[in-house]
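>>> I would like the atomic coordinates for the input below:
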Amino acid sequence: MDTARSQIAHLIARHGEVEGLLAAEGAIIVPQQKRFASSPAAALRKPQELADLKPLLTELQLATLNRAKAQGNLAVDVLGRLALIKFLRLELSTQFAQVLERCRMMLRGFEGTRQQKALEYRERLAGFQVRKKIILRKTGQELFQKLREIEKETLARTRRSLFGQECNTDYRLFLNRLIFTEDGRDDYICAEHYVMFGNFDRDPDRFANMRNIACQFLRSLSIDGEAYDEGMLDGWLCMPENAEELVGGGRPDDSTPQGQAQKTRLEMWLTLLENENVMEQVIASYEVVPLLAEYAPRINAQQLKNALVSRAECDRVEKLIEQHGKLSSKSLYAAVGRVVSCRGAERANIAGRFLRDLMRYHRDLRRLETLNAAMDSVNLIANEKLRELSAVNGTLYDFLSGDEQKPSEAKILHHVVLKADIRDSSRLTRSLFERGLNAASYFTLNFYDPVNKLLPKYGADKVFLEGDAIILAILERENEPAQAVSRACVLAREIIEIVQGYNELLERAGLPGLELGIGIAYQNSAPLYLMDGAQRIMISEALNESDRLSSCNKRARKVMEPLNSPFRVYTFLTASNADADDSEEFTINYNVGGIRMNEAAFHKLKTEISLEPCQIEYPALWGSEKTRLHSGLVPLNSDIFRRIVVRETSSPEIDPRNFSLLTWTEKLYYEVCTDPTVYTQLEGEKAAKQGK
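This is a model prediction of the structure:
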C-alpha cells in the first residue's frame, strides 16, 4: 500500500507537471523541520522506487489466487481483486489532494521573498488544479496498463493451471479500460479506444440517444413479428461480435448470401442514422481523434468535434486557435474537409464501425456498473478496532504478500518425500576406484551439489543422505500455496535433466554416467520428528514408501532395457501375488531414469493443478495396456511454468520365469514422464490441433 501511494503520487506529479515544483519543496525546509525529509516528497524524488509496484501487485494477486485455490473457492480471488481496485481508486483522489496540498504549503514558503519564482509556481499550480480530470485519467490508465500486463503475463496462466479453463468469465470485468474513470464517460478514453459521444443534453449523439437508435435498429430486424424486450436488446448490445454478424463490420462481402444480407442490414443502419440526423456527428467522432493531440486540452474535445460539423462552432474554434498564437488551423480545415467529402461506401464503412464501437462501449459500461455494484459491498478496513470486530464476526478477509503471509510458526499440514536413488552405485564406485578416482568427489560434484542448488527454488528441505541416495521433503503449511506434489514432480524432472546433462560431460571425459530412480510419496499429515541433540530426525511413512517407489529390480532391468520405451517406470505382479495385493514381496519394480509417485500423491496432484487428458502414440508391451496420460502446467513463479505428463497404468500379473502376461489387475501405478520425446510429441499434437 505504501509503494502504491508513492507511485500514484509520483505519476500525478509527473502528469500534472509539478515535479519541479515539488523538488523545490526540500529547498525551503528549515533545519528544525528535517523531520519532513522522510515525507512522500522523498519518494517522489526516487524514480527507481517506481519499478517496485508491478512485482508487488503480482505477488499480492498470486497470493490471493493461491488462497482461493486452498479454500476451493474462486470467489475469494475475485474479492481480493475488487478490494485492490477499490484501494487504487481511492488513492487516486487521495494522492491528488495530498500533492495539491503539498504544493500549496510549498508556495507559502515563498511569501514575501522570491516573488518571480512564486508567481511562476502559482501559475503552474493553477494549471494543475484545472487539469485534474486529465491528470487522474492518465494516472489511472497507467495503473490499468500494469494490471492488464500482470493479468496477461502471469495471472491468467496461473488461474488456468490451478482451476482449469472454466474460470475466465468473471475476470473480464477487470480487463475494462473504464475501471479508473468516475462514470465511464471520459472523452479522451472514448475517442482513443471506443468512439466519442456527445456530453450535453442538446447533443444528438449522446450515448443514451445513440443506444436508443441501436435498439430501434435491432427491433426492426424482428423475425415473424417477435417483440424483443429491453433485457434481450441490452444483452445483444453487450456482444460486439453481433455487429460483425449483422453488418459485416461495415465491409460485407456481397458475393455470398450472408454478405448480401449483411449489406442490406448495413444500408438499413446507415439510413436510420441519416434519418436521425446523427451521421455527421458519427463521422466527426472519428475525424476528431488525430486533432486531440494537437489542440487539446487547450481546446475542449467536444468543442473540436462539433467544429467539424457546425460552421458557427468552427468559427469559435478558429478564434481560439488564433488567440493561442502557436497553433495552426490547417489540421482543423483538413478534418472539416474529410467530414464534408465522406460519401458512399466510406460512409457505410464508418456506420458499420460505429455499430461495433457502440456495442464495445456499451459492454464495458455495463461491466463497469457491475464492478461498481460489487465494490459497494466491499469495505476496506483502515481502523484497527474495526478490523478486530470484523475478525471476531468472521467477515474479515486479509490479503497479504511476502513474509506477511508466511509466519515462521505456521502449522505443517501435509508433506511430500522425494527419494533420488543412484542405480548400481556399488559397481560404479568400484569402477571409479579402479581408475584411481575419488568416488566421494565424483558423487558430490555430479549429483549432490547440483541437487542442493535446486532446493531453495522449490522450497524443499534435505532430510538426509542415505549412502548413494538423497532424500528431500516439501512441507505444506497453513496459508501457503498447496502445491507440494506438483513442485516435487517438477523438482524430480529437473534432477533427472541435470544428471543427464552432467552425464553428457562425463561421457566426453570417458567417465561412467549416473542413472537415477526417483520415488515421490505424499502423506496427508505432518511428519514426526525425533531429536538428536540439535539435529531433527524425520519420522514418516512416506520415507519408507518413497524408498519402495524409487527401487529397481535387476531382473526387470535386463528385460526392459532392450525395449527402449519412452516410459521409465513399470510395475509387475508375480503369479503368486494374486491374493496379496498389498504385499511388496511379490512386486517387481523397474525404475531407471524415471519418477514414480504413490496413489495419494496423484490424487493430491489433481487438486493442485488442472490435469487434462492427452493422447500420444507410445509403444505397448503387450498391446493391451490400460493406460491414461494426463498433462498439466505447474506454476513455479509469477512467469515460470513447467509442464508435466503423468502416466496412469494398470499393473500386469506376469509369470516371473519369462515375464509373459497372465492378466491385468486393478492395481494402478503412476509415473511422471521424463523422456523428452513424450513432451515433444505432446507439443506436436497440440500444434496440429490448433492448426486444424
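
>>> Could you list which residues are in contact with the residue nearest the centre of the chain?
Note on the chain: the residue nearest the mean C-alpha position is L155, at 1.6 Å, using Cα atoms, centre = their mean. Residues in contact with L155 (Cβ atoms under 8 Å, 6 or more residues apart in numbering) are 58, 61-62, 65. In short, each C-beta sits where N, CA and C put it, glycine included.

>>> Please tell me how far it sits from N503.
Spatial separation of L155 from N503 under the definition Cβ to Cβ, to the nearest Å is 38 Å.

>>> cool, C673 as well?
In this structure, C673 and N503 are separated by 19 Å, where distance is defined by Cβ to Cβ.

>>> now E466
According to Cβ to Cβ, E466 and N503 sit 22 Å apart.

>>> When those two are compared, which one has more neighbours?
Here E466 and N503 are set side by side on neighbour count (other Cβ atoms under 10 Å), and the busier one is N503, at 16 against 12.

>>> That one is in contact with L511, isn't it?
No. Assessed by Cβ atoms under 8 Å, N503 is found out of contact with L511, at 9.2 Å.

>>> List the contacts of stretch 299-309.
Stretch 299-309 is contacted from outside by 187-188, 191, 196, 198-200, 203, 280-281, 283-285, 287-288, 291-292, 295-296, 313-314, 316-317, 320-321, 332, 335-336, 339, using Cβ under 8 Å, 6+ apart.

>>> List only buried entries from these.
Neighbour counting with 16 or more other Cβ atoms under 10 Å marks 187-188, 191, 196, 198-199, 203, 280-281, 283-285, 287-288, 291-292, 295-296, 313-314, 317, 320-321, 332, 335-336, 339 as buried within the contacts of stretch 299-309.

>>> How is R148 assigned, secondary-structure-wise?
helix (DSSP: H, G, I helix; E, B strand; the rest coil).

>>> Now for F174: which residues touch it?
If a contact means Cβ under 8 Å, 6+ apart, then F174 has 81, 85, 147, 151, 371 as its contacts.

>>> 6 Å instead?
For F174, the set of contacting residues under the criterion of Cβ atoms under 6 Å, 6 or more residues apart in numbering consists of R81.

>>> roughly how far apart are it and S638?
Counting by Cβ to Cβ, the gap from F174 to S638 is 17 Å.

>>> Over to I283?
Distance, I283 to S638, using Cβ to Cβ: 45 Å.

>>> which stretches of the stretch 51-200 of the chain have low pLDDT?
51, 110-115, 166-169 (pLDDT under 70).

>>> ok, and the closest non-adjacent residue to D547?
Spatial nearest neighbour of D547, chain neighbours left out: K419 (5.9 Å); criterion: Cβ to Cβ, 6 or more residues apart in numbering.

>>> Run the chain-centre distance for the helix or strand harbouring that neighbour.
Taking DSSP states H and E as the definition, K419 sits inside strand 412-422. Relative to the mean C-alpha coordinate of its chain, strand 412-422 is positioned 29 Å out (Cα atoms, centre = their mean, to the nearest Å).

>>> For the chain, which segments count as strands?
For the chain, strands defined by DSSP state E occupy the ranges 412-422, 460-466, 469-477, 516-523, 528-532, 535-539, 569-574, 587-591, 594-597, 612-614, 627-635, 641-655, 660-672.

>>> most packed of those?
Between the strands of the chain, strand 594-597 has the highest mean count of neighbours, a mean of 28, where neighbours are mean count of other Cβ atoms under 10 Å.

>>> In its sheet, which strands sit next to it, and in what direction?
Its sheet considered, strand 594-597 pairs with strand 516-523 (parallel), strand 660-672 (antiparallel) by DSSP bridges.

>>> Looking at the ones you listed, which is nearest to T444?
Comparing the strands paired with strand 594-597 against T444 with Cβ to Cβ, the closest turns out to be strand 516-523 (15.5 Å).

>>> Measure how far the closest one is from the centre of its chain, please.
Averaging C-alpha coordinates over strand 516-523 and over its chain gives two centres that are 31 Å apart (Cα atoms, centre = their mean).

>>> Longest helix in the protein, by number of residues?
Of all the elements of type helix in the chain, the one with the most residues (DSSP state H) is helix 74-108.

>>> Any buried residues in that helix, and which?
In helix 74-108, counting by 16+ other Cβ under 10 Å, buried: 74, 76-86, 88-89, 91-92, 95-96, 98-100, 102-103, 106-107.

>>> Leaving out sequence neighbours, find the closest residue to M597.
Distance criterion Cβ to Cβ, 6+ apart; nearest residue to M597, sequence neighbours excluded, is I520 at 4.1 Å.

>>> which residues does the one you found form a beta bridge with?
The partner list for I520 in beta bridges (DSSP bridges) reads L418, M597.

>>> shouldn't it be in contact with E599?
No. No contact is recorded between I520 and E599 when judged using Cβ atoms under 6 Å, the distance being 11.3 Å.

>>> hang on, the earlier thing: filter the buried ones among the contacts of stretch 299-309 down to just the ones in helices.
Those of the buried ones among the contacts of stretch 299-309 mapping onto helices are 187-188, 191, 280-281, 283-285, 287, 291-292, 295, 313-314, 317, 320-321, 332, 335-336, 339, per DSSP H.

>>> circling back to that earlier point, what do I520 and E599 both touch?
Residues touching both I520 and E599 by Cβ under 6 Å, 6+ apart: none at all.
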